[in-house]
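S.K.: Sequence and computational prediction follow.
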Amino acid sequence: MEFLLVFSFHYLTMGSLVMLISGISTYFIRQIHFLIIVLLCVLVGYFYSIVFDVPGLALFSIVFNAILSLIAIGLVKAGLYAKQKAEELLN
């Protein structure tokens, strides 16, 4: 039971950081392709499972980070698109 409690807290923290870093990097560095950001987040998830010595959770970490990174990137891209269209409508 403690295992689930500890790792749920770790994955909640890791997921928050992945979304934050993916969103910030997508917003400020618009020239970088989104797959590079997703791959970096996948590597972070893999290294996370290796560092904490739970290789059985490596696949879960990879998928978890990839999905959260894609969600953050999608939200930022949608916001930038909406901003662009709103500026076009005002001019």
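M.R.: Noted; the coordinates are in hand.
S.K.: Now do the residue nearest the centre of the chain against Glu87, distance only.
M.R.: Among the residues of the chain, Ser69 comes closest to the average C-alpha position under C-alpha atoms, centre = their mean, at 2.4 Å. Taking C-beta to C-beta, to the nearest Å as the measure, Ser69 falls 27 Å from Glu87. The C-beta positions use only the backbone N, C-alpha and C, and glycine is treated the same way.
S.K.: In three-state terms, label the residue nearest to the centre of the chain for me.
M.R.: helix (DSSP: H, G, I helix; E, B strand; the rest coil).
S.K.: Let me see the contact set for it.
M.R.: 18-19, 22, 37-38, 41-42 (C-beta atoms under 8 Å, 6 or more residues apart in numbering).
S.K.: Most widely separated two among these?
M.R.: Met19 and Val42 (14.0 Å; C-beta to C-beta).
S.K.: In the chain, where is pLDDT below threshold?
M.R.: 1-7 (pLDDT under 70).
S.K.: Just checking the distance from the host helix or strand of Tyr81 to the centre of its chain.
M.R.: Using DSSP states H and E, Tyr81 maps to helix 58-90. Its chain's average C-alpha position is 9 Å from that of helix 58-90, according to C-alpha atoms, centre = their mean, to the nearest Å.
S.K.: Give the buried residues for it.
M.R.: 61-62, 64-66, 68-70, 72-73, 76 (16 or more other C-beta atoms under 10 Å).
S.K.: ok so, going back, could I have the buried ones of the contacts of Ser69 as PyMOL selection syntax?
M.R.: Selection of buried members from these for PyMOL, criterion 16+ other C-beta under 10 Å:
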select buried, resi 18+19+22+37+38+41+42
